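Asks: Got a sequence here, can you model it:
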Amino acid sequence: MARVLISFLGTGTSINQQTKNTGSVNYKEPREYRRANYHINDKNLGEHTFVSLALRKAYNADKAIMIGTVHSMWEEVYRYLRYNTDTNYQPLDDPVYFEIAEHCETSNYQSELYLPHKEEIEKELGKDSHVVLIKYGLTESDINKNINIILSLEKYIHNGDEIIIDITHSFRSLPILITQLLMYLKTISKKDITISHVFYGMLDITNELNGKTPIVDLTSILNINDWIIGAYALQNYANGSKIADLIKNEDKSVSKLLSDFSNAMNLNHIMAIKSQIPRLASIINKQYNSNLPKVIIPETIKKFVETFRNIDKQSLFELKLAEWQAKHHNYTSAYISMIEACVSFICEKNKLNLNDFEDREKAKRIIRGQESGNWKCDSTITEKFPHLNRQRNSLAHSIEAGQSLISMIKELNDGIKTFMKIIN
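Replies: Numbers count the residues shown, from 1 in each chain. This is a model prediction of the structure:
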């Protein structure tokens, strides 16, 4: 397990750009970032040109991944690192420095993703550190290339690694895109990856703070991303497990309720789902200390509760549930709920015990015309139930149905509409 600092490198506002005349040769002073006295809260990190290198020292990062374009100030990174290890280092006497500087200064958005002496810079960054070159992101093609490059960073990250992101020195939309991709990697990677901090050095307000440059922690955007994922799962699949984890520290009772509800939905335990509706209704107007649960939980729960509240008839509840599940692409559960709705409807029509296994089996026989006696059964249910029940069994028991997936979904939706006219 390692602590990995991922930072961005731009062109910055260099302090020396004028051309000097030495008599025989005109040359530009080296590009340099201005030094700043960086602070995190009340902690002084000292004067640095690069926030990332100050953060690496402050947080004892084991390795660094530095991302930039071919025009970024790679020569300044190299110079800074060399000087930190050798205070007598003179960049003007170093041909490696000049080759990097000349290449970066003359490169532009059309240049290939190549950087001379890249391995030298990586060596100065430290063991297992990497320089990653990306395009400017001016075209869709460039953006797609950048996406592939950033997603490939996973090969440098190992199970259990902690990631610290610094977005100070980049430019344009690149930090937004890349930070989103890193959060995506965190979410979908098989590796256990955490992003502990997202830092930004606010150079623009240094003068307002009497020479102090604050580094702000934007980690709250990670929390927002988790809430977005949780809200999507809750709204579309009634899976509140993510939200339950996020709200646990603020309200354990709401967390447990959402967790119980999610378990019931995931099991398609119809009676447990039905029993959860009044409990869910009780938290619609609940107050929260933080804004995200205040915005997400009540509105999402309200939509679900309003769909199922005040449905006393079990068969209608089950069919409404099937309709909701089909709408949200949970087709197997929808088939099961639809079939159970038909069975419950026949039990209700014939005053059989809805919760008794033998009575429900009898209801199935009534539908099939296999039960002698004067039983009530709708002819449409008798006609359509056997085929739809075979579809349900083929899904529940992984039996080949001999039909296309599209036709099975269409028959499901048609069945729900047909039975709704009878049961509702």
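Asks: Tell me which stretches of the chain form strands.
Replies: Applying DSSP state E to the chain gives strands spanning 3-9, 19-21, 26-28, 36-40, 43-48, 63-68, 130-133, 162-169, 194-201, 212-217.
Asks: quick one: the helices in the stretch 1-150 of the chain?
Replies: Taking DSSP state H, counting those that start in this stretch as the criterion, the stretch 1-150 of the chain contains helices spanning 51-58, 74-85, 95-106, 118-125, 140-151.
Asks: Quickly compare these and say which is most buried.
Replies: Among the helices of the stretch 1-150 of the chain, helix 51-58 has the highest mean neighbour count (mean count of other Cβ atoms under 10 Å), at a mean of 22. Using the backbone N, CA and C atoms, a C-beta is placed for each residue, glycine as well.
Asks: name the helices or strands packed onto that helix?
Replies: Packing partners of helix 51-58 (3 or more Cβ pairs under 8 Å, 6 or more residues apart in numbering; DSSP states H and E): strand 3-9, strand 36-40, strand 43-48, strand 63-68, helix 74-85, strand 162-169, strand 194-201, strand 212-217.
Asks: got the helices of the stretch 1-150 of the chain as a markdown table, with distance to residue 372 columns?
Replies: Shown next, in a markdown table, are the helices of the stretch 1-150 of the chain (distance: least, Cβ to Cβ, whole Å):
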| stretch | distance to residue 372 |
| --- | --- |
| helix 51-58 | 81 |
| helix 74-85 | 88 |
| helix 95-106 | 90 |
| helix 118-125 | 84 |
| helix 140-151 | 66 |
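Asks: pretty sure residue 54 is touching residue 38, no?
Replies: Yes. Shown here, residue 54 and residue 38 form a contact pair, counting by Cβ atoms under 8 Å, at 5.1 Å.
Asks: shared neighbours of these two, which are they?
Replies: The contact sets of residue 54 and residue 38 overlap at 45, 46, 48, 215 (Cβ atoms under 8 Å, 6 or more residues apart in numbering).
Asks: can you put the residues you listed in a markdown table and add neighbour count and pLDDT?
Replies: Conversion of the shared contacts of residue 54 and residue 38 to a markdown table gives the following (neighbours: other Cβ atoms under 10 Å; pLDDT from 0 to 100):
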| residue | neighbour count | pLDDT |
| --- | --- | --- |
| 45 | 19 | 90 |
| 46 | 12 | 87 |
| 48 | 20 | 83 |
| 215 | 22 | 91 |
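Asks: now, the most widely separated pair of those residues?
Replies: 46 and 215 (12.0 Å; Cβ to Cβ).
Asks: Now list whatever residues contact both of those two.
Replies: Listed as contacting both residue 46 and residue 215 by Cβ under 8 Å, 6+ apart are 38, 54.
Asks: Residues touching stretch 378-389, excluding its own?
Replies: Contacts of stretch 378-389 (Cβ under 8 Å, 6+ apart): 335, 338-339, 342, 345-346, 367-369, 411-412, 415, 418-419, 422.
Asks: which residues of the protein score low on pLDDT?
Replies: Scanning the chain for pLDDT under 70 picks out 12-31, 33, 171-172, 401.
Asks: what's the closest non-adjacent residue to residue 218?
Replies: residue 198 (4.3 Å; Cβ to Cβ, 6 or more residues apart in numbering).
Asks: next one: residue 60
Replies: residue 3 is the one closest to residue 60 (Cβ to Cβ, 6+ apart), at 6.5 Å.
Asks: surely the one you found meets residue 162?
Replies: Yes. Shown here, residue 3 and residue 162 form a contact pair, counting by Cβ under 8 Å, at 4.8 Å.
Asks: What is the nearest of the shared contacts of residue 54 and residue 38 to residue 273?
Replies: Of those, the one sitting nearest to residue 273 (Cβ to Cβ) turns out to be residue 215, at 47.9 Å.
Asks: bridging residues for the closest one?
Replies: For residue 215, the beta-bridge partners under DSSP bridges are residue 201.
Asks: how about it, what does it touch?
Replies: Per Cβ under 8 Å, 6+ apart, neighbours of residue 215: 38, 39, 40, 45, 51, 54, 55, 168, 199, 200, 201, 202.
Asks: how does it look with 10 Å?
Replies: Residues near residue 215 by Cβ atoms under 10 Å, 6 or more residues apart in numbering: 36, 38-41, 43, 45, 51, 54-55, 58, 166, 168, 197, 199-202.
Asks: List only buried entries from these.
Replies: Burial by neighbour count, 16 or more other Cβ atoms under 10 Å: within these this picks out 36, 38-40, 45, 51, 54-55, 58, 166, 168, 197, 199-202.
Asks: Now flag whichever of these is closest to residue 107.
Replies: Nearest to residue 107 among the buried ones among the contacts of residue 215: residue 168, at 21.6 Å, using Cβ to Cβ.
Asks: Which one's more surrounded, residue 3 and residue 162?
Replies: residue 162 (18 against 15; other Cβ atoms under 10 Å).
Asks: I'd say the residue nearest to residue 218 and residue 180 touch.
Replies: No. With contact defined as Cβ atoms under 10 Å, residue 198 does not reach residue 180; the gap is 11.2 Å.
Asks: Which one's more surrounded, the two?
Replies: Comparing residue 198 with residue 180 by other Cβ under 10 Å, the one with more neighbours is residue 198, at 22 against 14.
Asks: What residues does the more buried one make contact with?
Replies: Going by Cβ under 10 Å, 6+ apart, residue 198 touches 6, 163-167, 175, 179, 182-183, 216-222.
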